[in-house]
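> Need coordinates for the following:
(one chain, ligands or ions: 1)
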Amino acid sequence: MDTIGVEADMVPNSVDPAELVAALPPGVVLTAPDAVEKYRNDWSKARGAGTPVAVVRAHQAGHVCEAVRWAARHGVPVVPRGAGSGLSGGSSAVDGGIVVSLERMGAIEIDTASQVAVVEPGAFTSEVKAAAAAHGLWYPPDPSSYEICSIGGNVATNAGGLCCVKYGVTSDYVLGLDVVLADGTLITLGGKRIKDVAGLSLVKLFVGSEGTLGIVTRALLRLVPAQLPRATMVATFSDVDTAARAVVAIRGRLRPSMLELMDNASINAVEDFRPMALDRAAGALLVTQSDAPAAARSIEVDAMREECERAGATEVFQTDDPDEGDMFVEARRLAFPAIEARGSLLLEDVGVPVPLLPDLLARVAEVAEELGVEIPVVAHAGDGNTHPIIVYDPGVAEAEERAYAAFDRIMACAIALGGTITGEHGVGRTKKAALPDQLGPDVMAVTRRIKDALDPQGILNPGAVM
Ligand SMILES: Cc1cc2nc3c(=O)[nH]c(=O)nc-3n(C[C@H](O)[C@H](O)[C@H](O)COP(=O)(O)OP(=O)(O)OC[C@H]3O[C@@H](n4cnc5c(N)ncnc54)[C@H](O)[C@@H]3O)c2cc1C
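This next block holds a predicted model:
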């Protein structure tokens, strides 16, 4: 199969990596086919991942600069890679290219006076959270994958997660970046400054650029005081529509610290995968939390309960016990691996303005019905960001084609509702074809001009995003 989105004339005819191997310390560059194999795919196992000629496992920014300079001299594609947990084929390797893996660069320093974490890109999100917590501080962004994804990948995809509804996404916490550009130059952007409007907003430009504009080698992340204790409320509904209407009502009135949705199929997938006493008969489940201070917490939970009951919840349960609450959050986090255990997946990440959440979920159900495909849904519902998960049998070509048709149709539905094809996972390679439909020709042209200005040879993550 062709490498997705990489034009044939962009891929050099097998450049010999010997010069690159010699330029870096022993062990940094891998070229053995079995060693390289594990760097070809991300979690999505997107169609058409290529085979790189080498993998550079950088130990320091200087190694990244050296590798990119070599690639620029020879016109070799460079795919930056964090922990490979991406869900859009963003770190899929390119035939004849190199992968620059940041997994060995994991240092973390906490500056308690400035409340800033200085982090190398390979550190796992969970490690940054733990390092901050050791000083009574908190790094809020919390993708469900926080134990298996890296800060570099989070910055490159502008990762979201479960507490975005109140605390925002990765870009809200990035104060500064070190970035290796496409010619191998290392630049430093921003600093430990809460406010800084000097020059163009280049930090924001690199956040979410999915490895197409530069390689992040260090991030300065804003920390906040530790989160206050949370109360959890879980409500079941007879169907997804009623649950989605409850979400709209809650968000019209409150800003909870978590507001997640699971439908019947995802509840049952989790129960099959790891029994957690979820109600298998529920049409949908909302998991909500409040971390409001003192008495405000129970006032907020009571208000959420009121909205769920008014919308027609069949059962409502609330607890101040953190372990009990975490059990429900854990069930929500398990949804992807649980559903994955049932077959191959195509993972959507579509989002709409919150009031249109019921419309989006209704359209997803129509697509499932019309194309005869199974599409369980989990959602960061409080953000209007949903993950319809298309399950198919990869052994049946016709089923696979229907799954891909459903994937495209759902993105088209989101765009028609004024939404987005991706709320947090990034465009990568799997959603690239739909990006012009969302952005339109003028915005695509500006995007292309920025890419061409920063990466004139087009060597950085070719085939991803645009
Ligand atoms: C079970 C599961 C649950 C998930 N839940 C969430 C969720 O709740 N929210 C969410 O946002 N995501 C979620 N994800 C997706 C994924 O974990 C995130 O996209 C994460 O940010 C990717 O990090 P990574 O280190 O694995 O990056 P990779 O997959 O290695 O790379 C992702 C992209 O970033 C680029 N990149 C990586 N490192 C760098 C760098 N240092 N410099 C420049 N570019 C770089 C790559 O080229 C690629 O385009 C989930 C994934 C799984 C498997």
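
> Would you list the phi and psi of the closest residue to the ligand within the stretch 151-300 of the chain?
The minimum distance from the stretch 151-300 of the chain to the ligand, using Cβ to the nearest ligand atom, falls at residue 153 (2.1 Å). Every residue, glycine included, has its C-beta placed from N, CA and C. Residue 153 adopts backbone torsions of phi -70, psi -40, taken as degrees, to the nearest 10.

> correct me, but it touches residue 87?
No: at 10.7 Å, residue 153 does not count as touching residue 87 under the criterion of Cβ atoms under 8 Å.

> Mind checking which of the two has more residues around it?
Neighbour count, other Cβ atoms under 10 Å: between residue 153 and residue 87, residue 153 has more, with 32 against 25.

> elements contacting the helix or strand containing residue 364?
Secondary structure assignment for residue 364, by DSSP states H and E: helix 357-371. Other helices and strands packing on helix 357-371, by 3 or more Cβ pairs under 8 Å, 6 or more residues apart in numbering; DSSP states H and E, are helix 240-251, strand 377-380, strand 385-392, helix 397-416.

> what's next to that helix, contact-wise?
Here helix 357-371 makes contact (Cβ atoms under 8 Å, 6 or more residues apart in numbering) with 240-241, 244-245, 247-248, 348, 350, 352, 373-375, 377, 379, 381, 384, 386, 388, 402, 405-406, 409-410, 413-414, 417, 419.

> tilt between it and helix 240-251?
160 degrees (axes from the mean of the first three to the mean of the last three Cα atoms, to 10 degrees).

> Can you mark which positions in helix 357-371 are buried?
Buried residues in helix 357-371, counted by 16 or more other Cβ atoms under 10 Å: 357-361, 363-365, 367-368, 371.

> Repeat that for stretch 302-318.
Neighbour count says stretch 302-318 has 303-305, 307-308, 311, 313-314, 316, 318 buried, by 16+ other Cβ under 10 Å.

> Taking these together, which two end up most distant?
In the buried residues of stretch 302-318, two members sit farther apart than any others by Cβ to Cβ. They are 303 and 314, at 19.2 Å.

> hmm, back to that, can you redo the buried residues of helix 357-371 as a markdown table with distance to residue 117 and pLDDT?
Formatted as a markdown table, the buried residues of helix 357-371 follow (distance: Cβ to Cβ, whole Å; pLDDT from 0 to 100):
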| residue | distance to residue 117 | pLDDT |
| --- | --- | --- |
| 357 | 33 | 98 |
| 358 | 39 | 98 |
| 359 | 39 | 98 |
| 360 | 35 | 98 |
| 361 | 37 | 98 |
| 363 | 40 | 98 |
| 364 | 37 | 98 |
| 365 | 42 | 98 |
| 367 | 41 | 98 |
| 368 | 42 | 98 |
| 371 | 45 | 97 |
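
> tell me the two of these that are most distant?
Taking Cβ to Cβ, the two most distant members of those are 357 and 371; they sit 21.7 Å apart.

> Let me see the contact set for the nearest residue to residue 193 once chain neighbours are set aside.
Take residue 193 and drop its neighbours on the chain: the residue closest to it by Cβ to Cβ, 6 or more residues apart in numbering is residue 175, 6.6 Å away. Counting by Cβ under 8 Å, 6+ apart, residue 175 touches 116, 190-194, 196, 203, 220-222.

> how about those residues in a markdown table, adding neighbour count and secondary structure?
Below are the contacts of residue 175 laid out as a markdown table (neighbours: other Cβ atoms under 10 Å; DSSP: H, G, I helix; E, B strand; the rest coil):
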| residue | neighbour count | secondary structure |
| --- | --- | --- |
| 116 | 23 | strand |
| 190 | 20 | strand |
| 191 | 13 | coil |
| 192 | 15 | coil |
| 193 | 13 | coil |
| 194 | 9 | coil |
| 196 | 14 | coil |
| 203 | 20 | helix |
| 220 | 23 | strand |
| 221 | 26 | strand |
| 222 | 18 | strand |
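
> Between those residues, which sits nearest residue 264?
Checking these one by one against residue 264 (Cβ to Cβ), the nearest turns out to be residue 221, at 37.8 Å.

> Give me the spatial nearest neighbour of the closest one, chain neighbours excluded.
Per Cβ to Cβ, 6+ apart, closest to residue 221 is residue 117, 4.5 Å.

> The contacts of residue 175 into CSV, with extra columns for pLDDT and distance to the ligand?
What follows is the contacts of residue 175, written out as CSV (pLDDT from 0 to 100; distance: Cβ to the nearest ligand atom, whole Å):
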residue, pLDDT, distance to the ligand
116, 98, 18
190, 98, 15
191, 98, 19
192, 98, 20
193, 97, 22
194, 95, 24
196, 96, 21
203, 98, 13
220, 98, 14
221, 98, 14
222, 98, 17
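
> Among those residues, which pair sits farthest apart?
196 and 221 (14.7 Å).

> what is the orientation angle of the helix holding residue 364 with helix 397-416?
150 degrees.

> Extract the C-alpha trace of helix 357-371 and format it as CSV.
The C-alpha atoms that make up helix 357-371 are tabulated as CSV, following Å, rounded to 0.1, in the frame of the first residue of the first chain:
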residue,chain,number,x,y,z
LEU,A,357,-24.3,17.8,21.2
PRO,A,358,-27.7,16.0,21.0
ASP,A,359,-27.8,16.7,17.2
LEU,A,360,-24.3,15.4,16.7
LEU,A,361,-25.0,12.2,18.6
ALA,A,362,-28.3,11.7,16.7
ARG,A,363,-26.4,11.9,13.4
VAL,A,364,-23.8,9.5,14.5
ALA,A,365,-26.6,7.0,15.4
GLU,A,366,-28.1,7.6,11.9
VAL,A,367,-24.8,6.9,10.2
ALA,A,368,-24.4,3.7,12.2
GLU,A,369,-27.9,2.6,11.2
GLU,A,370,-27.6,3.5,7.6
LEU,A,371,-24.2,1.9,7.0
